[in-house]
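Visitor: Predicted model and sequence follow; I will ask about them next.
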Amino acid sequence: MTVDEKPPGGGQVPEDVLRSDVPHSARIYNYWLGGKDNFEIDRVVGEQVIEAEPDMVAIMRANRAFLGRAVTYLTRDVGIRQFLDVGTGLPSADNTHEVAQRIAPESRIVYVDNDPIVLAHARALLTSSPEGATDYLDADIR
């Protein structure tokens, strides 16, 4: 994302929220996962964290891989068809619904986050299989 770009979804994030001069944890995580939805400040801070913790990218990618393994196991082996993903973060590859619906297209996934940037991206980028359902809630677990 460049400084002048709005997130997908027609610019649903108020300008005072989408700040390209302030690092954002979801965009830094997106950067570590190899995503494109981050600003220069996110990459700078992301690199500073890597300097302090050189294994950070490997740790975050292992975290994402675990999500994929867990959803695969629960869908394929246990038969779960409904998932609640709390603290969604920015959409990237192999989101919960993508993993579950590859195995069982009828799966239903609800994503929950209270971050307006995350929600704008989620509503624009996370789509469901025709047989299943995906929804996004603006909520805080507290």
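Guide: Okay, I see it. Numbering: from 1, shown residues only.
Visitor: Quick check: Gln101 touching Pro130?
Guide: No - Gln101 is beyond contact range of Pro130, at 9.8 Å (criterion: C-beta atoms under 8 Å). The C-beta positions use only the backbone N, C-alpha and C, and glycine is treated the same way.
Visitor: Between these two, which is the more surrounded one?
Guide: Using other C-beta atoms under 10 Å as the criterion, Gln101 and Pro130 rank with Gln101 on top: 25 against 9.
Visitor: tell me which strands and helices the longest helix along the chain is in contact with?
Guide: Determined from DSSP state H, the single longest helix within the chain is helix 56-72. Where contact means 3 or more C-beta pairs under 8 Å, 6 or more residues apart in numbering; DSSP states H and E, helix 56-72 is packed against helix 25-32, helix 40-52, helix 96-103.
Visitor: Quick one: closest of the ones you listed to Asp140.
Guide: Taking C-beta to C-beta, helix 25-32 is the member of the helices and strands packed on helix 56-72 nearest to Asp140, at 14.5 Å.
Visitor: Flag every buried residue along the closest one.
Guide: Neighbour counts over helix 25-32 (16 or more other C-beta atoms under 10 Å) mark 26-32 as buried.
Visitor: Out of these, which is nearest to Leu67?
Guide: Among those, and counting by C-beta to C-beta, the member closest to Leu67 is Tyr29, at 12.2 Å.
Visitor: Pull the contacting residues for the closest one.
Guide: 60, 89-90 (C-beta atoms under 8 Å, 6 or more residues apart in numbering).
Visitor: Equivalent analysis for Arg76, please.
Guide: So Arg76 contacts 103-104 (C-beta under 8 Å, 6+ apart).
Visitor: Export only the CA atoms of the least confident helix or strand in the chain by mean pLDDT, formatted as PDB.
Guide: Sorting the helices and strands of the chain by mean pLDDT, DSSP states H and E puts helix 116-125 at the bottom, at a mean of 82. Taking C-alpha atoms only, helix 116-125 is exported to PDB below (Å, rounded to 0.1, in the frame of the first residue of the first chain):
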ATOM      1  CA  PRO A 116     -11.000  -0.400  11.700                       C
ATOM      2  CA  ILE A 117      -8.100  -1.000   9.300                       C
ATOM      3  CA  VAL A 118      -8.400  -4.800   9.700                       C
ATOM      4  CA  LEU A 119     -12.200  -4.700   9.300                       C
ATOM      5  CA  ALA A 120     -11.900  -2.600   6.100                       C
ATOM      6  CA  HIS A 121      -9.500  -5.100   4.600                       C
ATOM      7  CA  ALA A 122     -11.500  -8.100   5.800                       C
ATOM      8  CA  ARG A 123     -14.700  -6.900   4.300                       C
ATOM      9  CA  ALA A 124     -13.100  -6.300   1.000                       C
ATOM     10  CA  LEU A 125     -10.800  -9.300   0.700                       C
END
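Visitor: Kind regards, and thank you for your time.
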